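Chemist: Next input, structure requested:
(one chain, ligands or ions: 1)
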Amino acid sequence: MRIDIVTIFPEFFGVLDVSLLGKARDRGLIDIAVHDLRDYTHDRHRTVDDTPYGGGAGMVMRPEPWGEALDEVLTPESVLIVPSPAGERFTQAIARELSTEARLVFACGRYEGIDQRVVDYASSVARVRELSLGDYVLNGGEVAAMAVIEAVGRLVPGVVGNPESLDEESHEGGLLEYPSYTKPAEWRGMPVPPILLSGNHGAIASWRYEQQLERTRRVRPDLLGDS
Ligand SMILES: CN1CCC[C@H](Cn2ccc3ccc(-c4n[nH]c(N)c4C#N)cc32)C1
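Modeler: Below you'll find the model as predicted:
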């Protein structure tokens, strides 16, 4: 998978050189390139924003630099992901969809957002998905892009050592994950649930499924279609 990120804060993505995704990059499973939007400006001040038509607070990101940047990184097979509070809610199902794509491009906006004509133009040359992390307002798209890249990247075959672990985690199969325990068998007076020490793998699987149902009913009844 090839990932291109366009942003005015390229240094924000330095963390992608470490941890699981860093190893995936070293192993050639994921190729990530970060592009500074200001490299696609041509004025002395490398200006990326301007005042909004129609008035209103804040500044809007100019279309010209974005057009030049996306001309360079978008291909017909790309999916352009535009983080936005007005986007569709990002979910594990969308992460799975995106993990099968060959090329992802992230357009990280700032200020009050990107001139709408950039998304409109990009939609004529590639698939575009405006995605939201959730119903709250961030200051830009970088945090959301990082979250999507991590959620998608870990689903790329070969990135996670034990692919079976991906099947039992939260939001796979529509349920939250079961609670996990490790040594010691008792800690601060709290024992590990005895079933987990029984060696009875069928009973352990049943207990874990019941734990998933109970936790989902308690914390996220909406996932079960309950109001
Ligand atoms: C006051 N204004 C309102 C409009 C957005 C302005 C900041 N901003 C500029 C670009 C941009 C991209 C994403 C998000 C964002 N916020 N919340 C989420 N779930 C997001 C996601 N994905 C926010 C963003 C601030």
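Chemist: Quick check: the gap between residue 225 and residue 174.
Modeler: Distance, residue 225 to residue 174, using CB to CB, to the nearest Å: 9 Å. Quick note: C-beta positions are derived from backbone N, CA and C, even for glycine.
Chemist: Which residue of these two possesses the greater neighbour count?
Modeler: Neighbour totals were compared for residue 225 and residue 174, and residue 174 leads with 14 against 7 (other CB atoms under 10 Å).
Chemist: That one touches residue 222, doesn't it?
Modeler: No - with contact defined as CB atoms under 8 Å, residue 174 does not count as touching residue 222 (10.7 Å).
Chemist: Quick one: residues contacting residue 50.
Modeler: Residues in contact with residue 50 (CB atoms under 8 Å, 6 or more residues apart in numbering) are 59, 60, 62.
Chemist: The first one and residue 114 touch, don't they?
Modeler: The reference is to residue 59. No - in this structure, residue 59 is not within contact of residue 114 by CB under 8 Å, at 11.2 Å.
Chemist: Of the two, which one has the most company?
Modeler: residue 114 (25 against 16).
Chemist: partner residues bridging that one?
Modeler: Taking DSSP bridges as the rule, residue 114 bridges to residue 61.
Chemist: what about the helices in this structure?
Modeler: 19-26, 63-73, 92-98, 116-122, 142-153, 201-219 (DSSP state H).
Chemist: Of all these, which one is nearest the ligand?
Modeler: Of all these, helix 142-153 sits nearest to the ligand, with 3.3 Å by CB to the nearest ligand atom.
Chemist: is that closest one anywhere near the ligand?
Modeler: Yes - residues of helix 142-153 are located near the ligand by CB under 6 Å from any ligand atom, namely residue 144.
Chemist: farthest residue from the center of this structure?
Modeler: residue 189 (38.6 Å; CA atoms, centre = their mean).
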